[in-house]
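Asker: pasting the sequence and the predicted model now:
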Amino acid sequence: MNAAADLPLAGRVAIVTGGCGGIGRAICDRLVREGAHVFAADLVGHCGAGVNFHEHDVTSEQSTTDLMERVRTEHGRLDILVNVAGIEIELTIEDTTLDDWNRIFSVNVTGTFLACKHALPLMREAGRGSIINFGSYDGFIADPQLAAYCATKGAVHALTRAMACDHGPENIRVNAVCPGFIDTPMLQSFFGEAGDSDRLWQEARNVHPIRRYGTPEDVANLVNWLAGDEAGYASGQLWVLDGGLTAQVQQMRL
Amino acid sequence: MGDGQYSKRLAGKTAVVTGGGRGIGRAIVERFMGEGAAVLSCGRSERPDNFPREAHWIRADVSDTGDVRALGSAVERIFGRLSILVNNAGIQIEKTVLETTDEDWETLMGVNARGVFACSREMIPLMDEGGSIINIGSISGSTADPGLALYNASKAFVHGLTRSIAVDHGPKIRCNAISPGWIMTEMADAAFAVADDPEKAKRDALARHPAGRFGDPSDIAALASWLASDDALFATGQCYTLDGGLTAASPLNPCLF
């Protein structure tokens, strides 16, 4: 398994939106290690060795078609699309302005829609495709004061199933990864808003059956599996990865 | 398929796969061996003639708690400690509630429910930090297949027990279930056989799969291998569906009417 040509994703072309954030970077690094040509599409930032940075705004259709045009010019096709780009707004709906609402939907939902829509022709060129969207366990159950975020993730889940049905016959698989609590700046911000963040950090960790938070690498491990041929029969599914958090009923303080 | 294609990511691990004589269980046995694990399997019959020579086999019926204790003793004798348990053994009876007899209940729930419980109870004490239990559930545990009343219910039990084991025995042990859709095995053929026109039923079922094909036992083995590996260290308490997209789509598919 040492020769590059023997790597599981050798020769595959991949785009990772939000590819310079915590989770996105771990995914890019993993896909490169598995042999793929990887484009990290992000507003700003730097990416790891062997990753091609592409300045990209997921909310812009022009930016999306520019990205796809570059991939078409350099490779002529696309095998893997990972829609990681996402933002969080920590508010109830009463405190959420229409601008806030439109902004989070434009990144988390419209961004996913645009990338998928314009990736499909390039996946047809490849004769196959694996699209991996970012849902969240918040698309199933709610965290307090994340109303608009929860709604965007529910939308991504439904879009994932719909695209799996429509494009499965073309050998394009569509799945969503639904992380629980992953140790990223977004999570630290969530705890920071809530006050005594150190204590909360410990207590929330201990509610997890696995007694730790997820790492960006944990998420990258699942994305890598879904991206490759090993997951050839996996489509239309929402893959919760949460250290067991949602396997249990909410813990009462007795 | 030669062993050389796999990464040996289960090298040094020991695994029990119940019901590994054929079908999905057999594919998991062979995949785990290909990944470098030492494997022990069991079934109600004697060792199948074509069973891999390097794998261990004992005759054990998972619905019999005495047999399950013997399986645990065999693990201690052969391996010492256990890394991975795959509760795969399962049976199906094609009947509604009204047609189902008490004997049917004993037989089916004995294997699909008591078997998973008893094997887990026997093997958890033999597992150390990092142990992984993988139960074979079913899409029928969440949505009902017609005429498979107890089978559907037994798989819902498997999904429930999966969550309980993850919650009670984490972080030491991870426990997940795989919910296969239509995987081409003798069991799937038996389910199609009850249709008025089995060939027509098969064509109709196929058209409902976005993936455009039925599953192969090797598809399930690929996910089992991932769940058993260090790539899945944050995955626990989940029932992962692998069904070619079948349950992502509504059963009211206008192009099929």
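Answerer: Yep, that arrived. Just so it is clear, the model here is predicted, and its values are computed rather than measured.

Asker: what does the stretch 51-200 of chain A put close to chain B?
Answerer: A:160-161, A:164-169, A:171, A:173 (Cβ under 8 Å from any Cβ of the partner chain). The way it works is simple: take the backbone N, C-alpha and C, and place the C-beta from them, glycine included.

Asker: so which of these are in helices?
Answerer: Filtering these for membership in helices, criterion DSSP state H, returns A:160-161, A:164-167.

Asker: now those as JSON lines including neighbour count?
Answerer: Output for these, formatted as JSON lines (neighbours: other Cβ atoms under 10 Å in any protein chain shown):
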{"residue": "A:160", "neighbour count": "28"}
{"residue": "A:161", "neighbour count": "22"}
{"residue": "A:164", "neighbour count": "26"}
{"residue": "A:165", "neighbour count": "19"}
{"residue": "A:166", "neighbour count": "14"}
{"residue": "A:167", "neighbour count": "21"}
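
Asker: what are the buried residues along the least confident helix or strand in chain A by mean pLDDT?
Answerer: Least confident helix or strand, chain A: helix A:185-193 with a mean of 80, by mean pLDDT, DSSP states H and E. Neighbour counts over helix A:185-193 (16 or more other Cβ atoms under 10 Å in any protein chain shown) mark A:186-187, A:190-191 as buried.

Asker: now residue B:85, what's its secondary structure?
Answerer: strand (DSSP: H, G, I helix; E, B strand; the rest coil).

Asker: residue contacts, residue 21?
Answerer: Since no chain was named, I'll use chain A. With contact set as Cβ atoms under 8 Å, 6 or more residues apart in numbering or on different chains, residue A:21 has these partners: A:42, A:45, A:84-85, A:184.

Asker: please refer instead to chain B.
Answerer: Going by Cβ under 8 Å, 6+ apart, the list of residues near residue B:21 reads B:41, B:43, B:45, B:48, B:51, B:57.

Asker: looks to me like the first one is in a strand.
Answerer: The reference is to residue B:41. Yes. According to three-state DSSP, the state of residue B:41 is that of a strand.

Asker: before we move on, the earlier item: just give me the closest of the buried residues of helix A:185-193 to chain B.
Answerer: Closest approach to chain B among the buried residues of helix A:185-193 (Cβ to the nearest Cβ): residue A:187, at 13.7 Å.

Asker: residues in contact with residue A:25?
Answerer: Applying Cβ under 8 Å, 6+ apart, the residues near residue A:25 are A:19, A:40, A:47-48, A:216.

Asker: which residues in chain B form strands?
Answerer: B:14-18, B:38-43, B:56-59, B:82-87, B:127-136, B:173-180, B:239-242 (DSSP state E).

Asker: chain A: which of the ones you listed is closest?
Answerer: strand B:239-242 (5.1 Å).

Asker: about what we covered before: so which of the contacts of residue A:25 are in strands?
Answerer: residue A:40.

Asker: redo the contacts of residue A:25 as CSV? Include pLDDT.
Answerer: Formatted as CSV, these follow (pLDDT from 0 to 100):
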residue, pLDDT
A:19, 97
A:40, 98
A:47, 84
A:48, 85
A:216, 98
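
Asker: the contacts of residue A:25, buried ones only, as a PyMOL selection?
Answerer: Provided next is the PyMOL selection string for whichever of the contacts of residue A:25 are buried by 16+ other Cβ under 10 Å:
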select buried, chain A and resi 19+40+47+48+216
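
Asker: just give me the neighbour total for the residue nearest to residue A:236 when sequence neighbours are not counted.
Answerer: Of all residues not flanking residue A:236 in the chain, residue B:248 sits nearest, at 2.6 Å (Cβ to Cβ, 6 or more residues apart in numbering or on different chains). Burial of residue B:248 is recorded as 23 neighbouring residues (other Cβ atoms under 10 Å in any protein chain shown).

Asker: could you measure from residue B:248 over to residue A:153?
Answerer: 17 Å (Cβ to Cβ, to the nearest Å).

Asker: the closest residue to chain B within the stretch 51-200 of chain A: what's it in contact with?
Answerer: Relative to chain B, the nearest point of the stretch 51-200 of chain A is residue A:168 (2.5 Å; Cβ to the nearest Cβ). If a contact means Cβ under 8 Å, 6+ apart, then residue A:168 has A:174, A:235-236, B:209-212, B:244-245 as its contacts.

Asker: what comes up buried for stretch A:89-107?
Answerer: Those would be A:89-91, A:96, A:101, A:103-107, for stretch A:89-107 by 16+ other Cβ under 10 Å.

Asker: ok, and what's touching that stretch?
Answerer: A:58-59, A:85-88, A:145-149, A:151-152, A:155, A:189-190, A:193.

Asker: give me the distance from that stretch to the chain's centre.
Answerer: 20 Å (Cα atoms, centre = their mean, to the nearest Å).

Asker: quick one: low-confidence ranges for the stretch 101-250 of chain A?
Answerer: A:193-195 (pLDDT under 70).

Asker: so where do the helices sit in it?
Answerer: A:111-126, A:147-167, A:185-193, A:197-207, A:216-227 (DSSP state H, counting those that start in this stretch).

Asker: deepest of those, which one?
Answerer: helix A:216-227 (a mean of 24; mean count of other Cβ atoms under 10 Å in any protein chain shown).

Asker: helices or strands up against that helix?
Answerer: Contact partners of helix A:216-227 among helices and strands, from 3 or more Cβ pairs under 8 Å, 6 or more residues apart in numbering or on different chains; DSSP states H and E: helix A:22-33, strand A:80-83, strand A:129-134, strand A:172-179, strand A:238-241.

Asker: deepest-packed of the ones you listed, please.
Answerer: Using mean count of other Cβ under 10 Å, strand A:80-83 ranks as the most buried of the helices and strands packed on helix A:216-227, with a mean of 30.

Asker: with adjacent residues omitted, what lies nearest to the residue of the stretch 51-200 of chain A closest to chain B?
Answerer: residue B:210 (2.5 Å).

Asker: would you confirm that that neighbour contacts residue A:235?
Answerer: Yes. Residue B:210 is in contact with residue A:235 according to Cβ atoms under 8 Å; the separation is 5.6 Å.

Asker: the two: which has the busier surroundings?
Answerer: Comparing residue B:210 with residue A:235 by other Cβ under 10 Å, the one with more neighbours is residue A:235, at 31 against 24.

Asker: residues in contact with that one?
Answerer: A:164, A:168, A:173-175, B:210-211, B:244-245, B:248.

Asker: run the angle between the helix or strand of chain B with the lowest mean pLDDT and strand B:173-180 for me.
Answerer: Within chain B, no helix or strand scores below helix B:186-193, which has a mean of 82 by mean pLDDT, DSSP H and E. Here the directions of helix B:186-193 and strand B:173-180 differ by 40 degrees (axes from the mean of the first three to the mean of the last three Cα atoms, to 10 degrees).

Asker: how about helix B:186-193: buried residues?
Answerer: B:187-188, B:191.

Asker: need the contacts of residue A:168 in a markdown table with distance to residue B:138, can you?
Answerer: Converted to a markdown table, the contacts of residue A:168 look like this (distance: Cβ to Cβ, whole Å):
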| residue | distance to residue B:138 |
| --- | --- |
| A:174 | 22 |
| A:235 | 17 |
| A:236 | 16 |
| B:209 | 16 |
| B:210 | 19 |
| B:211 | 17 |
| B:212 | 21 |
| B:244 | 14 |
| B:245 | 16 |
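
Asker: from these, which is closest to residue B:113?
Answerer: Residue B:113 lies nearest to residue B:244 out of the contacts of residue A:168, by Cβ to Cβ, at 26.7 Å.

Asker: excluding its backbone neighbours, what's nearest the closest one?
Answerer: residue B:211 (3.2 Å).
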